[in-house]
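Engineer: Could you look at this predicted model? Sequence included:
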Amino acid sequence: MKKTVTKAIFPVAGLGTRFLPATKSIPKEILCLVDKPLIQYAIDEARDAGIEEFIFVTSRGKGALEDYFDGAPQLEQALRAKNKVKLLDTLMKSTMDSGEIAYVRQREALGLGHAVWCARRLIGDEPFAVILTDDVISSERPVLQQMVEAHEQTGGNIVAAMEVAPSKASAYGLLDIKEDMGSLVSVKGMVEKPEPEDAPSNLAVIGRYILTPEIMRNLDTQERGAGGEIQLTDAIAKEIANSDNVFGYRFEGTRYDCGSKAGFLQATVAFGLARGDLSQEFLDYLIETVECRRAAQ
């Protein structure tokens, strides 16, 4: 009997060094796209996919991230007193109920696989999702919901995949495809950051996963891979060899790499232009700025 995916792991222990000095005192995950933190986009996507238990793998210095999901009684009271209903509703979406969220510490930075493994006791013998908050995806239907439905269809491990240009192959893990079935592809291998001429396909893995309990058991070996770290891709590759139950999923949506400054700025522009209350004023400013730059050149 297939089990429903109700748990998600959010690896948020990273130092966010690419965004220093901002991340010196503020966790990268609560940096905002317009007026919503990166972590909120991930939580909203998970909720819409039916996730009920949210597991954060954190590290020292992430207290502000934990506080973000706590209640704010004084602020709530002030908004009620001024009848600011919409703002109150927005605020309440960022508050997690007691028992809905759990925090696990990753004491050493030993890679994504190790971060996921740190949550093993909270996962037990159930399938689970992994969401990387650096990857923000704009889509009509939440990507994780698309992937949960694919998991229900196959019962296997599902990794989100998108097509990338050959010149960008060396920045991603690429799928070696066994059979292409449209949105779903069965996978016979994964090649981490190949040179363009060595890429097995143009399908790159990005930060959404639906994984079976066997992945946790593979991670129990604590085998170190690239960079001396415990790699999640190695545990998935072992499952390909053992069970042949790994699938790539071509999701519907636009992904922004908010782990890079350029990607973060691109996402800010995209989400700003998508906001009805901001779009026209923001668009006018962008057009004016571009015209000024062209004139100056």
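Structural biologist: Alright, I've got the coordinates.
Engineer: what residue ranges in this structure score low on pLDDT?
Structural biologist: Residues of the chain that meet the criterion pLDDT under 70 lie in 1-2, 225-227.
Engineer: Run through the residues that contact the most centrally placed residue in it.
Structural biologist: Centroid-nearest residue in the chain: residue 132, 2.6 Å away (criterion: C-alpha atoms, centre = their mean). Residues near residue 132 by C-beta atoms under 8 Å, 6 or more residues apart in numbering: 11, 112, 206, 207, 208. C-beta: built from backbone N, CA, C; applies to glycine.
Engineer: what's the closest non-adjacent residue to the first one?
Structural biologist: Looking back up the chat, that one is residue 11. residue 115 (3.9 Å; C-beta to C-beta, 6 or more residues apart in numbering).
Engineer: ok, back up a step: distance to residue 255 and neighbour count added to the contacts of residue 132, as CSV?
Structural biologist: Below are those laid out as CSV (distance: C-beta to C-beta, whole Å; neighbours: other C-beta atoms under 10 Å):
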residue, distance to residue 255, neighbour count
11, 17, 27
112, 17, 21
206, 6, 20
207, 9, 21
208, 9, 27
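Engineer: Out of those, which sit inside strands?
Structural biologist: Among the contacts of residue 132, the members falling in strands (DSSP state E) are 11, 206, 207, 208.
Engineer: How about the first one: which residues does it bridge to?
Structural biologist: On the basis of DSSP bridges, residue 11 takes part in beta bridges with residue 57.
Engineer: quick one: it and residue 62, what's the gap?
Structural biologist: Between residue 11 and residue 62 the computed distance is 12 Å (C-beta to C-beta, to the nearest Å).
Engineer: Same question for the third one.
Structural biologist: Distance of residue 207 to residue 62, computed by C-beta to C-beta: 18 Å.
Engineer: With residue 278 instead?
Structural biologist: Residue 278 is 30 Å from residue 62, by C-beta to C-beta.
Engineer: try residue 169
Structural biologist: When residue 169 is compared with residue 62 (using C-beta to C-beta), they lie 33 Å apart.
Engineer: and what of residue 80?
Structural biologist: Residue 80 is 30 Å from residue 62, by C-beta to C-beta.
Engineer: of those two, who's got more company?
Structural biologist: residue 62 (20 against 11; other C-beta atoms under 10 Å).
Engineer: For the more buried one, give me its contacts.
Structural biologist: 12, 13, 27.
Engineer: could you dump those to a markdown table with distance to residue 251?
Structural biologist: Output for these, formatted as a markdown table (distance: C-beta to C-beta, whole Å):
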| residue | distance to residue 251 |
| --- | --- |
| 12 | 22 |
| 13 | 25 |
| 27 | 26 |
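Engineer: Which one of those residues is nearest to residue 247?
Structural biologist: Using C-beta to C-beta, residue 12 comes nearest to residue 247 of the contacts of residue 62, at 26.2 Å.
Engineer: quick one: the closest residue to the closest one other than its chain neighbours from residue 101, how far?
Structural biologist: Of all residues not flanking residue 12 in the chain, residue 29 sits nearest, at 5.0 Å (C-beta to C-beta, 6+ apart). Distance check for residue 29 against residue 101: by C-beta to C-beta, it reads 13 Å.
Engineer: likewise residue 275?
Structural biologist: 27 Å.
Engineer: And the helices in this structure?
Structural biologist: 38-48, 63-68, 73-81, 85-92, 112-117, 120-123, 143-154, 213-219, 232-243, 261-273, 279-296 (DSSP state H).
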